[in-house]
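Trainee: got a structure for you, letters missing:
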């Protein structure tokens with residue numbers, strides 16, 4: 001079974017029936033061993049007596065703690081409590097609210113203390129609806145279902161977003177137009193002093209919008225610009241307009257010209273070395289949006305609000321639909337500086353005729369370490385997001401990786417830095433107890449520098465020192481990892497067999513593998 005749900009009401013229409021099993025109402029006695037993860041989905045009962053209701057809510061704390069103590073390291077997703085039917089007979093009586101608050105605070109405390117617990121803020125969903133929409137008394141009395149089943153479809157979409165957040169899977173890049181998008185007015189017509197930013201409405205709305213986008217960049221979303229404008233005019237605005245929040249240094253790349261935006265977005269993707277399906281395009285022009293939808297269907301294109309006062313609602317929609325993440329890694333917080341450093345590396349590369357001389361000039365440092373509590377979230381994120389150099393495209397959760405570690409897998413990751421900056425943790429290799437390389441992946445940010453060969457050579461040399469004579473590996477072809485297809489062959493692995501899109505390789509560790517001297521590689 002995939003999920004086992006603890007509940008005190010009927011919730012099947014919302015969580016589904018495929019590979020999902022449910023406890024009895026208010027029953028925590030069963031802890032099935034064969035489940036992948038558990039869900040706690042209790043709701044505040046419909047009761048008028050506030051003392052009885054608050055006492056019942058208080059019992060949930062002990063029941064939940066009992067579940068936590070019995071499930072071991074398996075994941076537990078906990079929905080916070082929401083009172084769908086608040087009804088005070090005495091307005092000063094807040095004991096029910098206090099009981100709910102205590103429970104929800106306890107849940108957050110549990111999540112901080114246990115790596116396997118994830119908290120789902122149920123208010124995010126219920127706040128979208130009125131009391132009349134949330135409850136169907138007909139279905140409650142017929143089937144003990146508190147939440148209106150008419151909301152099941154909306155809930156399924158929202159819950160799917162929550163799952164992506166837990167997997168640390170989101171879009172990477174926001175592509176922004178400028179005129180009437182990042183500020184009000186048209187720069188070429190209104191001039192640098194005439195555009196609407198700062199001051200009263202509508203400029204104030206664009207100020208809030210830019211401030212929100214700046215915060216988004218701080219949690220790892222890449223900001224870029226694609227605008228039909230004179231580049232020097234925009235550079236002047238970024239430098240001189242005192243009300244501008246987002247300036248040149250906040251954008252990883254831009255295409256400010258009169259070219260077709262389809263080509264500009266493709267060019268941005270190439271420069272940043274990311275997939276088009278990692279990008280979200282924001283533009284006030286419906287014509288431009290429709291063209292991108294037609295010509296680049298992989299790019300997400302949300303509808304832009306018609307009025308500036310709607311921008312903050314639009315921002316929340318962007319976050320919820322594309323960019324929300326359960327927690328950020330160190331690499332997320334450094335993303336803008338890392339991509340800007342990559343651009344500097346590319347400029348430097350053109351100064352050298354010889355690749356090895358260029359690589360030596362970078363002073364590349366590779367630090368190898370086994371996976372631990374400090375880097376596991378980043379490794380999970382890489383399995384979810386890395387496509388181009390990903391040998392098997394296995395998408396893993398933190399639970400999956402912890403299970404592998406408990407079975408004796410060795411999982412190494414690498415941190416790469418050079419004279420331009422720190423790329424953070426950008427590679428990982430998964431080795432089973434039978435010395436099979438189940439997966440090997442590297443972030444696109446460090447490709448093209450031979451780091452993958454130095455990384456794998458170092459790991460294979462470690463295995464050889466441990467007395468291991470032979471390793472095997474597999475490669476599964478996907479729509480995006482074709483460039484890695486020949487890696488194992490070039491490296492020295494021999495193709496043993498094929499099955500559909502999967503190749504199986506082996507290699508004898510008969511001698512130590514050479515590593516070019518300009519890679520400063522070490523084990524942490």
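Mentor: Right, received. Where do you want to start? Note that this is a predicted model, so its numbers are computed, not measured.

Trainee: OK, contacts around the residue nearest to residue 513 when sequence neighbours are not counted?
Mentor: Nearest non-adjacent residue to residue 513, counting by C-beta to C-beta, 6 or more residues apart in numbering: residue 457, 4.1 Å away. No exception for glycine: its C-beta is placed from N, CA and C like everyone else's. By C-beta atoms under 8 Å, 6 or more residues apart in numbering, residue 457 lies in contact with 513, 514, 515.

Trainee: List just the nearest of those residues to residue 111.
Mentor: When the contacts of residue 457 are ranked by distance to residue 111 (C-beta to C-beta), residue 515 comes first, at 41.9 Å.

Trainee: ok, how many other residues are close to residue 301?
Mentor: Neighbour count of residue 301, defined by other C-beta atoms under 10 Å: 20.

Trainee: What is the neighbour count of residue 76?
Mentor: Neighbours of residue 76 (other C-beta under 10 Å): 23.

Trainee: Name the helix or strand for residue 256, please.
Mentor: With secondary structure defined by DSSP states H and E, residue 256 is part of strand 253-257.

Trainee: any low-confidence regions in the stretch 51-200 of the chain?
Mentor: Applying pLDDT under 70 to the stretch 51-200 of the chain flags no residue at all.

Trainee: Can you identify the element that follows the lowest-mean-pLDDT helix or strand in the chain toward the C-terminus?
Mentor: Least confident helix or strand, the chain: helix 330-333 with a mean of 75, by mean pLDDT, DSSP states H and E. Per DSSP H and E, helix 330-333 leads on to helix 335-349 as the next helix or strand towards the C-terminus.

Trainee: which other helices and strands contact that next one?
Mentor: Contacting helix 335-349 under the criterion 3 or more C-beta pairs under 8 Å, 6 or more residues apart in numbering; DSSP states H and E are the following elements: strand 222-228, helix 261-272, helix 355-362, strand 421-431.

Trainee: tell me which residues of the longest helix anywhere in the chain are tucked away?
Mentor: Taking DSSP state H as the criterion, the chain has its longest helix at helix 50-70. By neighbour count with 16 or more other C-beta atoms under 10 Å, helix 50-70 contains the buried residues 50, 53, 54, 56, 57, 60, 63, 64, 67, 68.

Trainee: Same check on stretch 140-154?
Mentor: Residues of stretch 140-154 classed as buried: 140, 145, 146, 147, 148, 149, 151, 152 (neighbour count, 16+ other C-beta under 10 Å).

Trainee: Equivalent analysis for stretch 290-302, please.
Mentor: For stretch 290-302, burial by neighbour count (16+ other C-beta under 10 Å) applies to 291, 292, 296, 299, 300, 301.

Trainee: what does stretch 162-170 give?
Mentor: 162, 165, 166, 167, 168, 169, 170.

Trainee: tell me which strands and helices the helix or strand residue 233 falls within is in contact with?
Mentor: Element membership for residue 233, per DSSP H and E: helix 231-240. Of the remaining helices and strands, those touching helix 231-240 by 3+ C-beta pairs under 8 Å, 6+ apart are helix 187-190, strand 253-257.

Trainee: contact partners of the first one?
Mentor: Taking contacts as C-beta under 8 Å, 6+ apart, the residues outside helix 187-190 that touch it are 178, 179, 195, 229, 230, 233, 234, 237.

Trainee: now, the most widely separated pair of those?
Mentor: Greatest spacing in the contacts of helix 187-190, by C-beta to C-beta: 195 and 230 (13.6 Å).

Trainee: what do those two both touch?
Mentor: By C-beta under 8 Å, 6+ apart, residue 195 and residue 230 have no common neighbours.

Trainee: Compare these two and say which is more crowded by neighbours.
Mentor: Neighbour totals were compared for residue 195 and residue 230, and residue 195 leads with 24 against 14 (other C-beta under 10 Å).

Trainee: before we move on, back to that, give me the buried positions along the strand holding residue 256.
Mentor: Applying 16+ other C-beta under 10 Å to strand 253-257 flags 253, 254, 255, 256 as buried.

Trainee: Could you give me the buried positions within stretch 169-188?
Mentor: Across stretch 169-188, burial judged by 16+ other C-beta under 10 Å covers 169-185, 187.

Trainee: From the opening residue of that stretch to its closing one, how far?
Mentor: End-to-end distance of stretch 169-188 (C-alpha to C-alpha, to the nearest Å): 38 Å.

Trainee: Show me which of the buried residues of stretch 140-154 is closest to residue 373.
Mentor: residue 147 (36.3 Å).

Trainee: Touching, the closest one and residue 15? I think so.
Mentor: No: with contact defined as C-beta atoms under 8 Å, residue 147 does not reach residue 15; the gap is 10.9 Å.

Trainee: what residues go with each domain of the chain?
Mentor: Domain assignment for the chain, taken from automatic domain parsing, gives 3-166, 173-323, 352-523.

Trainee: and the ones you listed as TSV, adding distance to residue 332?
Mentor: Formatted as TSV, the domains of the chain follow (distance: least, C-beta to C-beta, whole Å):
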stretch	distance to residue 332
domain 3-166	13
domain 173-323	3
domain 352-523	8
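
Trainee: Put together JSON lines for the helices and strands packed on helix 231-240, with distance to residue 411 on each row.
Mentor: Listed next are the helices and strands packed on helix 231-240 as JSON lines, based on distance: least, C-beta to C-beta, whole Å:
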{"stretch": "helix 187-190", "distance to residue 411": "50"}
{"stretch": "strand 253-257", "distance to residue 411": "33"}
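
Trainee: what's the closest of the ones you listed to residue 124?
Mentor: Among the helices and strands packed on helix 231-240, strand 253-257 comes nearest to residue 124, with 32.5 Å by C-beta to C-beta.

Trainee: Can you give the distance of the longest helix of the chain from its chain's centre?
Mentor: Distance of helix 50-70 from the chain centroid (C-alpha atoms, centre = their mean, to the nearest Å) equals 32 Å.

Trainee: Who are the packing partners of that helix?
Mentor: Helix 50-70 packs on strand 37-41, strand 75-79, helix 95-113, going by 3+ C-beta pairs under 8 Å, 6+ apart.

Trainee: and residue 126, which of these is closest to it?
Mentor: strand 75-79 (10.3 Å).

Trainee: Packing partners of the closest one?
Mentor: When contacts are defined as 3+ C-beta pairs under 8 Å, 6+ apart, strand 75-79 packs onto strand 37-41, helix 50-70, helix 95-113, strand 117-120.
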